[in-house]
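S.K.: take a look and give me a structure for this.
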Amino acid sequence: MPLVNPKGINYQKELNPAQVQAVYSTRGPHLVIAGAGSGKTRVLVYRVAYLVEQGISPNQILLLTFTRKAAAEMLKRASHLLDERCQKVAGGTFHSFANLILRKYSSPLGLSPHFTILDQTDAESAVHLIRTHLGLSQQDKRFPKKNTLLDLISKSINKAQDLETVIFEEYPYYLEWTAAIQRIKEEYTRYKRSMSLLDYDDLLIYLKDLLTRHPDICRMLSCQYQYIMVDEYQDTNKLQAEIVRLLTCEHDNIMVVGDDSQSIYSFRGANFKNIMNFPKMFPGTKIITLEENYRSVQPILNLTNEVIKAACEKFTKSLYTKRQGYRLPVYVEAEDEHSQSKYIVQKIQELMEGGVPLNDMAVLFRSGWHSNDLEVELASQGISFIKYGGQKFVEAAHVKDLISYLRIVQNNFDELSWRRVLLLMRGIGPKGAQQMIQHIVQEQKGINIAEKLLKNREELKKLLEIYQQLDVQHPSPVELLKIFQKFYWPILMEEYDDFDKRMSDLESLQRIALRYDSLEQFLTDMALEPPEKNLIDKETEKNQQFLTLSTVHSAKGLEWHTVFLIHLCEGYLPSYKSLENQENIEEERRLFYVATTRAKENLFLLRPQLGYVTNSSWEGGGMVYTRISRFLEEGNIVHRFVTRERALSYF
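M.R.: Numbering: from 1, shown residues only. You can find the predicted model right below:
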């Protein structure tokens, strides 16, 4: 095989030996296990160029990725390496490829070639229409909302599970509605079919049906696409794996690239078993492992190697780098959540003074609400940040709802807060709310609402009684929050299907309020320096420096000079929801691995000794002494691979 093409690509010079092996392995099934930071994209780019250079027609090459942008960028880079022929390679997502094929071969499936693809909002609207048509919109008992229904239907398809199993795992309090939800799913399917509508899941379903039910078309497509590559194979679902197998019915020239240790999207339907079982699905598979890391210093890799070594099921690999480094990761024990926040702010300031840009630092966490306390602390210290993943808690509707109750305590004539509070109540619509607001604000009646306006409005009567009592008691901000959280709990359950998850935000708000004696000061700080004021629009503020806050799921594929991984205790990471299921624990381990491999130079691992245990009721949870995350205890990592520091309480 030639090592240098006419344009001067010297593969052995540009790539390491394992990467060269992957590029040159063009015939037969290949599984490339690409460790974090090992240059998997580079392999795919050079392999496209190499295939075209060897005289293979671009029309015979298929590159499947998880975003159109990724495919376009890879083909663009391959064109720069070789020539414009690489741009003619068929590249895109599974869904875009399915759309292309189904437009061409719609007739055998009884589809119109002019079918319409429903986006998320359109699909939810269709589900709502069907729910209403079936008479399931107004129920005495709570019934799932349209977005929840679509989520359940989609997960049952992507996970290849029956609806009852998905409901039990995701929303167990809706099990009594399983039969009704099944009816909606069936009607939704019929409705789409009759209207020539396809949602995102249908694209994969119909493509698989086409390939399965029409072997002649399957063979023709397999002959057309002689060389198939799939990126991020660990993130494929069962349908996608089956489509890949069908497309190779006439050959086995398939290369999938991925990392079993970074399979973290089961909640979206990704199937960890796809990558593990690839050698069984394609007998004779040659496994190539990319272990040289180009991102992190060796002390960080030593830690991550030890963590993933304990995985129950894996492809063995050990990451190494030429960037030896000298600083060990730092394990920090903080007395509580707030001291954890204070420590991070102090370290960020020190690193900035040492020349590390704020843009090159990130704080990662398991769930969006884990950063709530930190967001307030960053805001108070004037440190700009942007948050990815989860919901920004001060922007969240349920947090705004609860704060509105407090604003009315502070100012009985706060029109905006009254409008928000009134519209939450059953039986009060925009017209009724406006009538009330006129009485309360414009006529200056405040909480002394005329009895005639309270007829058959028991919720409002109860709320007014609370306000009247508070005029005498004058409780602290945190006590006020507890009072109104108890009142708000039934409303929260009524308004949001995921009410149990939203409770974590309200509990965080209580912990923040603990630092205030004055309601006025608490509300002033939340208004003048709320965390959302520090979110940076990257398009309009390109030169602005900001700290990244991100869930681990949203951080995959990214990297920073310095990474802080917070709340490393049992119940946080691993999540309390995973503690009784070994498969879930293993995915939590992979989450930890993904988080730690984002760091290039500095890795800080933080554990508050005093943590909060959540509880799905208005009474909330409680403060407990935490247990260090098992992922730091295993292999004695906390003693062998890190240095230790303490963060004192700042209350």
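S.K.: low-confidence ranges, the stretch 501-650 of the chain, go.
M.R.: Scanning the stretch 501-650 of the chain for pLDDT under 70 picks out the ranges 524-543, 613-622, 648-650.
S.K.: can you pull out the helices in it?
M.R.: All helices of the stretch 501-650 of the chain, identified by DSSP state H, counting those that start in this stretch, fall at 519-528, 552-555, 582-596, 630-633, 637-640.
S.K.: make CSV out of those and add mean neighbour count and distance to Ser384.
M.R.: For every residue, glycine as well, the C-beta is placed using N, CA and C. Formatted as CSV, these follow (neighbours: other Cβ atoms under 10 Å; distance: least, Cβ to Cβ, whole Å):
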stretch, mean neighbour count, distance to Ser384
helix 519-528, 16, 16
helix 552-555, 21, 18
helix 582-596, 21, 22
helix 630-633, 20, 31
helix 637-640, 16, 33
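S.K.: so which of the ones you listed is nearest Lys347?
M.R.: With Cβ to Cβ as the measure, helix 582-596 is the member of the helices of the stretch 501-650 of the chain nearest Lys347 (16.9 Å).
S.K.: rewinding a little: next, format the helices of the stretch 501-650 of the chain as a markdown table and append distance to Arg457.
M.R.: As requested, those are exported to a markdown table (distance: least, Cβ to Cβ, whole Å):
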| stretch | distance to Arg457 |
| --- | --- |
| helix 519-528 | 26 |
| helix 552-555 | 42 |
| helix 582-596 | 45 |
| helix 630-633 | 51 |
| helix 637-640 | 57 |
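S.K.: and Trp369, which of those helices is closest to it?
M.R.: Nearest of the helices of the stretch 501-650 of the chain to Trp369, taken as Cβ to Cβ: helix 552-555 at 13.8 Å.
S.K.: run through the stretch 151-300 of the chain and note the low-pLDDT ranges.
M.R.: Along the stretch 151-300 of the chain, segments meeting pLDDT under 70 are nowhere present.
S.K.: how about the helices in it?
M.R.: Taking DSSP H, counting those that start in this stretch to define them, one finds helices in the stretch 151-300 of the chain at 163-170, 178-194, 200-213, 215-224, 238-247, 272-276, 278-281, 298-309.
S.K.: reformat those as JSON lines; add distance to Ala397 and mean neighbour count.
M.R.: As requested, those are arranged in JSON lines below (distance: least, Cβ to Cβ, whole Å; neighbours: other Cβ atoms under 10 Å):
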{"stretch": "helix 163-170", "distance to Ala397": "21", "mean neighbour count": "17"}
{"stretch": "helix 178-194", "distance to Ala397": "25", "mean neighbour count": "16"}
{"stretch": "helix 200-213", "distance to Ala397": "26", "mean neighbour count": "19"}
{"stretch": "helix 215-224", "distance to Ala397": "46", "mean neighbour count": "14"}
{"stretch": "helix 238-247", "distance to Ala397": "34", "mean neighbour count": "21"}
{"stretch": "helix 272-276", "distance to Ala397": "34", "mean neighbour count": "20"}
{"stretch": "helix 278-281", "distance to Ala397": "43", "mean neighbour count": "16"}
{"stretch": "helix 298-309", "distance to Ala397": "37", "mean neighbour count": "22"}
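S.K.: any chance of those in CSV, plus distance to Met623?
M.R.: As requested, these are exported to CSV (distance: least, Cβ to Cβ, whole Å):
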stretch, distance to Met623
helix 163-170, 29
helix 178-194, 37
helix 200-213, 43
helix 215-224, 59
helix 238-247, 42
helix 272-276, 35
helix 278-281, 46
helix 298-309, 28
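S.K.: how about the longest strand seen in the chain as CSV, C-alpha atoms only?
M.R.: With DSSP state E applied, the strand covering the greatest number of residues in the chain is identified as strand 599-608. Output of strand 599-608 as CSV, limited to C-alpha atoms (Å, rounded to 0.1, in the frame of the first residue of the first chain):
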residue,chain,number,x,y,z
ALA,A,599,-9.6,17.7,32.0
LYS,A,600,-6.3,18.5,30.3
GLU,A,601,-4.1,19.8,33.1
ASN,A,602,-6.0,20.2,36.4
LEU,A,603,-8.7,17.9,37.8
PHE,A,604,-10.5,18.8,41.1
LEU,A,605,-12.7,16.1,42.7
LEU,A,606,-15.0,17.6,45.4
ARG,A,607,-17.2,16.0,48.0
PRO,A,608,-19.3,17.9,50.5
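S.K.: and the nearest residue to Asn456 once chain neighbours are set aside, what pLDDT?
M.R.: Once flanking residues are discounted, Asn456 sits nearest to Gly427: 7.1 Å by Cβ to Cβ, 6 or more residues apart in numbering. In the predicted model, Gly427 carries a pLDDT score of 79.
S.K.: give me the element Gly427 is part of.
M.R.: Secondary-structure element containing Gly427, defined by DSSP states H and E: none, the residue being outside all helices and strands.
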